[in-house]
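[1] Please work out how this folds:
(2 chains)
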There are 2 protein chains.
Amino acid sequence: MTASEVDHVDHVEHAGSRRGRSARQAERLAKGLESLPYLTRKLAPVEVISAEGLETIEHNADTLLEEVGIEIVNYPEAVDIFRSAGADADGMRVRFPRGLCRSLINASAPRIFTQRARNDARSVVIGDPHMVLVPTYGSPFIHNLDDGRRYATIEDFRNFVKLTYTSRTLHHGGGTLCEPVDLPVNKRHFEMVYSHIRYSDRAFMGSVTHPSRAQDSVEMARILFGADVMEREHVIMGLANANSPMSWDFNMLGSARAYAAANQIMLITPFILGGAMAPVTVAAQATQTLAEALAGMAFCQIVRPGAPVIFGSFASSMSMQTGAPTFGTPEPQLVLFVLAALARRLGVPFRSGGNFTASKIPDYQAAYESAISFMATMQAGVNFNLHTAGWLEGGLAIGYEKFILDEDQASMTAAYIGGVDTTDNGYALDAMLAGGPGQHFLGSPHTLANFEDAFWRSELSNNDSFEQWEIDGALDAAQRANRKWKQRLAAYEMPPLDEGTHEALVDWMDRRKASFPDSDV
Amino acid sequence: MTASEVDHVDHVEHAGSRRGRSARQAERLAKGLESLPYLTRKLAPVEVISAEGLETIEHNADTLLEEVGIEIVNYPEAVDIFRSAGADADGMRVRFPRGLCRSLINASAPRIFTQRARNDARSVVIGDPHMVLVPTYGSPFIHNLDDGRRYATIEDFRNFVKLTYTSRTLHHGGGTLCEPVDLPVNKRHFEMVYSHIRYSDRAFMGSVTHPSRAQDSVEMARILFGADVMEREHVIMGLANANSPMSWDFNMLGSARAYAAANQIMLITPFILGGAMAPVTVAAQATQTLAEALAGMAFCQIVRPGAPVIFGSFASSMSMQTGAPTFGTPEPQLVLFVLAALARRLGVPFRSGGNFTASKIPDYQAAYESAISFMATMQAGVNFNLHTAGWLEGGLAIGYEKFILDEDQASMTAAYIGGVDTTDNGYALDAMLAGGPGQHFLGSPHTLANFEDAFWRSELSNNDSFEQWEIDGALDAAQRANRKWKQRLAAYEMPPLDEGTHEALVDWMDRRKASFPDSDV
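    Numbers count the residues shown, from 1 in each chain, chains lettered A, B, ... in the order given. This next block holds a predicted model:
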């Protein structure tokens, strides 16, 4: 079938059934016309520290777990759970015999697993040598060139679900794309999970702000996928942050328990602002992150051996003048490289990195800080990259233009982690021997054969002459991105969803929402 | 002496002799109050290809030199020079027995050497494990927020000499910071070299647009440093680009000959637009760059064994739609990593990388492309980094704000290449054992002891709250940079220069300029 024939079939199917449309999508995917469901790494990860250094960090992390231990805040049941697996409990404090957490994780946590999406062609494989790109998470504000900065609403949330659904770069729907602050705190999770299900067909994350909300998220996934699938497969993910240093609380561990007990995925991420929640040095931040994450991941394995966990790290540097978090600085990139190496040694998937910045707007600062962070993300061997697109203002805002700009740049990841082609086609010796001094290669058979995929190209960068760029309105990158997100939202079409499933989901959600009063805590 | 005492002495000396001022500078340097003259790497370079891959590239480069050879355009004397060292000459074409170029280079080219600055405290050491940061080179246009884009003048050139002189990040004065297009083409080099000498005290580069202009540059350096110093030491550098593929011309080799014969430094840089001057693949671009550079560096060693050479690479990707060069893409970063590894194996200093972009303005695109390029530059093991600051529009323009923004970000290089501290202070185990769960580290003895140098900080990035940033005028990074370059130029003070030397230089230059008519070719 020629390309124009495919287009013709598209037109016919467009007017036809939803089944036809998803069949067309599958065909496009098979032909490589749509984006890959996740990426595969060939380039070796960057290493910044010796094996001896990594062993010292592992030893020190075990010393912290043994001597300081972890404080379990407001959750006596979690203390009992840890005790049941051999930890020493003293009130809220749990101390771990050397090696206990690691052996619990090694005994049952998978090195690699699949998170199923309701469109199975978009299921993601999480673990080496793969990489999954995910939008940013958790911002109470949005920013765009039209409105400036304002509180986020559920409408913004849906917009970012739609932009993620239509992305050719991102692989996973993410979770709390922004906080819908126009909804009551204790019921936001229903609308967020519903929006991921209804407006996209990608894999997604549920709530963790309270164990009951985590449980609600799991229940909604169960209605969507069915109890059988849910028991066998992994269809929803939660994200838990430690209360660094060396503390885990009821909301986080309780939520982790809800996901793990249902055989679902927990992303265990200590959040470290260096100098505040940990010492200022790279090796110390890596040590403490490892200790806290070991305890969190071990907890999931005790709750349900084999429930998938991802070892996460979020580390930022701090302005020693003002205490503000800073991004795109060298030190957190070094932390990222060290932790990725520690995750490989532990044998679980790794999450870190993203397009981070402290800037309030998509300016030079925002891009420089983001690119420095994202280059390390591509290089380190990250398997699950939360915060690939949208992050502004230290995470307080998600930017519409920033999302589009980051997504565009992150599309280089496949080419970057593909590494150097060392086949004969890559060396291209014959092509060079056939050309002579001063001859160009524009029309050489080798160039023509490699034309399509020769160089990654940005869809948003402007490589025109100055004169052409002026004629076209002299737009900066953010202005071009502003046009693009509007086009994408205007062209958005909702993916099909089985009517019966949709009704069951809405029905369950309505009854559950009506069963307790709105609250803003 | 306390800091305020130093300030007091500064004031006193400010009104006093020039000798006092330079003594004060030396004192500040000794106290670490001024920037380092060059950087030293501890972090291992990133490797992206196996030793076998590098051997194949070396083998293929020798095959190119042996079978295709190099065309020497309009320079029969250079053909004779190559022949004298054992190459086969056939008209303009010179072919090299396998291994000849490498053995000529290995026999005499230094692995590491010093380029002396007229202020010896600012002399730079070029070669592993060091890194020297240099401003951008060769733009006919300037860009700033006040004027937009316009042709560069000698006034702009002097401004960039002054900004480089006052930089705490850059180590070397560079060369053709911009083209002073208000001066006749055949006399620009006098004013450029004079400006480097008069308005700065850093090491600098001379002209290469014609062998006679290269010779003039060398003569001016000889007047400044004296014939004795010139014979023993390396005080000026020229930059030669091959006419890729596989061709060197009269202006470039003739200029290289002028510098090398005077025991001065040549930077030998094939300039490859992938798909045009070489095949599209990474390994092929590395192969051809190596072949062309080997011939150029060998030429310098034949002219004068021991004259320092730097192995350079400039590789960009190309838009396969429009033919325009593109920057910040993954492929040229991979080329950079491969060539840095090849330079280490050859045993000569390496130059590549910089803050590259195709953007016309200092926007998100400019920063993202620049940071991706510069991160690779920091990681690869580059020894001499031309184009650290200022590059816009594929090199057609140098930006005033871009210069300031790049210089600011490039100041992270020292922290980045310093790598991970694996001393006890770096591991900080005692600090973590002393803290308890939930306790912050802001006041811990370890934090206080490491406070000053804990995290690299940008002087230009804004890490304030949104509200504070708004109160301060809601400036973007480029607007902040606009203020900064104006402040820097306003505060500029000319470094002292011996009166006799200055008179001799101006006298020689005036006579030489009067000896031939102005010309714009």
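[2] need the residues of the stretch 101-250 of chain A near chain B, please.
    Residues of the stretch 101-250 of chain A lying near chain B by CB under 8 Å from any CB of the partner chain: A:141, A:149, A:243, A:245-247. The way it works is simple: take the backbone N, C-alpha and C, and place the C-beta from them, glycine included.
[3] Would you point out the most distant pair within those residues?
    With distances taken as CB to CB, the most widely separated pair in those is A:149 and A:246, at 34.9 Å.
[4] So which of these two has more stuff around it?
    In this view residue A:149 and residue A:246 are compared by other CB atoms under 10 Å in any protein chain shown, and residue A:246 has more residues nearby, 26 against 17.
[5] Ignoring the adjacent residues along the chain, who's closest to residue A:54?
    residue A:341 (5.7 Å; CB to CB, 6 or more residues apart in numbering or on different chains).
[6] Now that neighbour: which helix or strand?
    Per DSSP states H and E: residue A:341 is located in helix A:330-346.
[7] Which other helices and strands does that helix contact?
    If you count contacts as 3 or more CB pairs under 8 Å, 6 or more residues apart in numbering or on different chains; DSSP states H and E, helix A:330-346 packs onto helix A:51-67, helix A:100-108, helix A:282-303, strand A:309-312, strand A:314-318, strand A:350-351, helix A:364-380, helix B:413-418.
[8] at 7 Å instead, please
    Packing partners of helix A:330-346 (3 or more CB pairs under 7 Å, 6 or more residues apart in numbering or on different chains; DSSP states H and E): helix A:51-67, helix A:282-303, strand A:314-318, helix A:364-380, helix B:413-418.
[9] would you turn those into a markdown table with mean pLDDT and mean neighbour count?
    Formatted as a markdown table, those follow (pLDDT from 0 to 100; neighbours: other CB atoms under 10 Å in any protein chain shown):
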| stretch | mean pLDDT | mean neighbour count |
| --- | --- | --- |
| helix A:51-67 | 98 | 18 |
| helix A:282-303 | 98 | 28 |
| strand A:314-318 | 94 | 26 |
| helix A:364-380 | 98 | 29 |
| helix B:413-418 | 96 | 21 |
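[10] Of those, which is nearest residue B:157?
    helix A:364-380 (24.1 Å).
[11] That closest one vs chain B: in contact?
    Yes. Helix A:364-380 is in contact with chain B by CB under 7 Å from any CB of the partner chain, via A:364-368, A:370-372, A:375.
[12] what sits up against the first helix or strand past that helix going along the chain?
    The helix or strand immediately downstream of helix A:364-380 is strand A:384-385, counting by DSSP H and E. Strand A:384-385 is contacted from outside by A:126, A:131-134, A:310, A:349, A:351, A:353-354, A:377, using CB atoms under 7 Å, 6 or more residues apart in numbering or on different chains.
[13] run the last query once more with 10 Å
    A:38-39, A:115, A:124, A:126-127, A:130-135, A:170-172, A:237, A:265, A:267, A:310-312, A:349-355, A:374, A:377-378, A:410, A:413 (CB atoms under 10 Å, 6 or more residues apart in numbering or on different chains).
[14] Tell me who's in contact with the residue nearest to residue A:54.
    By CB under 10 Å, 6+ apart, the neighbours of residue A:341 are A:45-51, A:53-54, A:57, A:286, A:350, A:380-381.
[15] With residue A:68 instead?
    Counting by CB under 10 Å, 6+ apart, residue A:68 has contacts A:93, A:95, A:245-246, A:288, A:291, B:432-437, B:439.
[16] Could you count how many residues lie near residue A:324?
    Count around residue A:324 with other CB under 10 Å applied: 18.
[17] do the one 5 residues further on as well
    Close neighbours of residue A:329, defined as other CB under 10 Å, add up to 27.
[18] still on that earlier bit, can you tell me which of the contacts of residue A:341 lies closest to residue B:420?
    residue A:49 (4.8 Å).
[19] Skipping its backbone neighbours, what lies nearest the closest one in space?
    Going by CB to CB, 6+ apart, residue A:49 has residue B:420 as its nearest residue, at 4.8 Å.
[20] Please apply the same query to residue A:460.
    In space, and not counting its chain neighbours, residue A:460 is closest to residue A:408: 4.2 Å by CB to CB, 6+ apart.
[21] just residue A:156 next, same as before
    Leaving aside its chain neighbours, residue A:156 sits nearest to residue A:142 (4.9 Å; criterion: CB to CB, 6+ apart).
[22] right, and the helix or strand after the helix or strand encompassing the one you found?
    Applying DSSP H and E as the criterion places residue A:142 in strand A:141-144. Once the chain leaves strand A:141-144, the next helix or strand it forms, by DSSP H and E, is strand A:148-151.
[23] Quick check: phi and psi on residue A:273?
    When quoted as degrees, to the nearest 10, the phi and psi of residue A:273 stand at phi -100, psi 100.
[24] Could you list the low-confidence segments of chain A?
    Counting by pLDDT under 70, chain A contains low-confidence ranges at A:1-34.
[25] Nearest the middle, which residue of it would you pick?
    Taking CA atoms, centre = their mean, the centroid of chain A lies closest to residue A:386, which sits 2.3 Å from it.
[26] Name the nearest residue to that one, sequence neighbours excluded.
    Closest to residue A:386 by CB to CB, 6+ apart is residue A:134, at 4.9 Å.
[27] Pull the number of nearby residues for the one you found.
    28.
[28] got it, and residue A:91?
    9.
[29] Surely residue A:353 touches residue A:371?
    No. If you go by CB atoms under 10 Å, residue A:353 and residue A:371 don't touch, sitting 11.7 Å apart.
[30] so the residue nearest to residue A:386 sits right up against residue A:406, yeah?
    No. Here residue A:134 does not reach residue A:406: they are 11.6 Å apart, not a contact under CB under 10 Å.
[31] Show me the common contact partners of those two, please.
    Joint contacts of residue A:134 and residue A:406 (CB under 10 Å, 6+ apart) are A:170, A:354, A:387-389.
[32] quick one, what contacts the nearest residue to residue A:93 once chain neighbours are set aside?
    Leaving aside its chain neighbours, residue A:93 sits nearest to residue A:69 (5.0 Å; criterion: CB to CB, 6+ apart). Neighbour list for residue A:69: A:82, A:87-90, A:92-96, A:246-247, A:291, A:295, B:436-437 [criterion: CB under 10 Å, 6+ apart].
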